Each structure stands twice: as C-alpha cells, then as structure tokens.
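Peer 1: got a structure for you, letters missing:
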C-alpha cells in the first residue's frame, strides 16, 4: 500500500488512508490487500471491450533512463489520469458513506432490497431488471449502460447478479 501511495504522490495525487483502503478493497479481487496488473486495469479500462483492447495493446511510453516512470505522459494525459484517480477516491468514499447510512437504518434489509429488484424471483438480477427499476424512477438507461451496471457487480461473469454479489457490493 505504501508503494501505491508513493506512486500516487509522484503524480500529484494524495489520497487519505481511508480513500486508499476503500479503493484497494473495491478492486482487490484476490484478497491480498494489494493490486496486481489485472485488478488495477479493472479500475481504469473502459467496460467497452473494443476500447479496452485498444488501450491494452498500446506499448509503454516509458524509456529508461530518458524519462522518469511518472513522466512518460503528455500533460493532458497526466491531468486526466490524475482526475480519474481523484474521481475513484471520491466515488468510493461517497458509496461507503451511503452504505453506512443504509446499515444504520432499522428497516433496511439487504435481502429484501435484492428481492425487490429480482422481479421474476429467479434468484438473480438481470440487465433488464436493473433497467426496468431505473426507468421506473424516471431515468432513461440504454442497453449498454444496463449491461455495464451488471458487469460492474457480476463477479462470476455469468451475465446476472446474484444475492451474494449484491451483498459484497453493499456491505
């Protein structure tokens, strides 16, 4: 975690310990409290396979000893890279705050919340069920956006979100 903090400081991003812990907890799928390349890629690559593939195929700009490791981006790219880090930290803190507020509400129950989304009682929430819920609240959701919601929570990559996957994301 210290290495990540030092690397972020080198590019001008200074997260608090809580922000860094929440970020690592969100993307650490192996449970070792550190991030490997695949886990870090999940945080930064787009869910759109075409664009993610383009970025993954690009070569490195790092040329030792000509550049420092943190100095291999054009200024606009470095600004955007820092902005996405800050956005990650902000969104994780906001999500954790909402999760804690929900847990303090005496009538909130994760299982009942899941069942209210599972319209066909299949034990899983599909892309269509997410989309129907969001649209019933007055928001338009495209197929692509609904798919991205499911992909974000679908840990076993079966195209549906189970109660266990929702519990992990909520608690």
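Peer 2: Sure, I can see it. The structure presented is a predicted model; accordingly, all values stated were derived computationally and were not measured.

Peer 1: Report the separation between residue 90 and residue 74.
Peer 2: To residue 74, residue 90 is 24 Å away according to CB to CB, to the nearest Å. Where C-beta positions appear, they are placed from N, C-alpha and C, glycine not excepted.

Peer 1: between the two, who's got more neighbours?
Peer 2: residue 90 (12 against 9; other CB atoms under 10 Å).

Peer 1: From residue 19, how far out is that one?
Peer 2: 8 Å.

Peer 1: same check, this time on residue 158
Peer 2: According to CB to CB, residue 158 and residue 19 sit 31 Å apart.

Peer 1: Does residue 130 touch residue 117 like I think?
Peer 2: Yes: under the criterion of CB atoms under 8 Å, residue 130 makes contact with residue 117 at 7.2 Å.

Peer 1: Which one's more surrounded, those two?
Peer 2: residue 130 (20 against 16).

Peer 1: give the contact list for the closest residue to residue 160 other than its chain neighbours.
Peer 2: Closest residue to residue 160 apart from its sequence neighbours, by CB to CB, 6 or more residues apart in numbering: residue 124 at 3.7 Å. The neighbours of residue 124, taking CB atoms under 8 Å, 6 or more residues apart in numbering as the test, are 118, 160, 161, 162.

Peer 1: now do residue 139
Peer 2: Taking CB under 8 Å, 6+ apart as the definition, residue 139 has no contacts.

Peer 1: In a strand, it, correct?
Peer 2: No: in this structure, residue 139 is coil, not part of a strand, as judged by DSSP: H, G, I helix; E, B strand; the rest coil.

Peer 1: could you measure it against residue 130, distance?
Peer 2: With distances taken as CB to CB, residue 139 is found 11 Å from residue 130.

Peer 1: what does residue 90 give?
Peer 2: 23 Å.

Peer 1: which of the contacts of residue 124 tops the neighbour count?
Peer 2: residue 161 (26 neighbours).

Peer 1: is it true that that one touches residue 153?
Peer 2: Yes: using CB under 8 Å, residue 161 is in contact with residue 153, at 4.7 Å.
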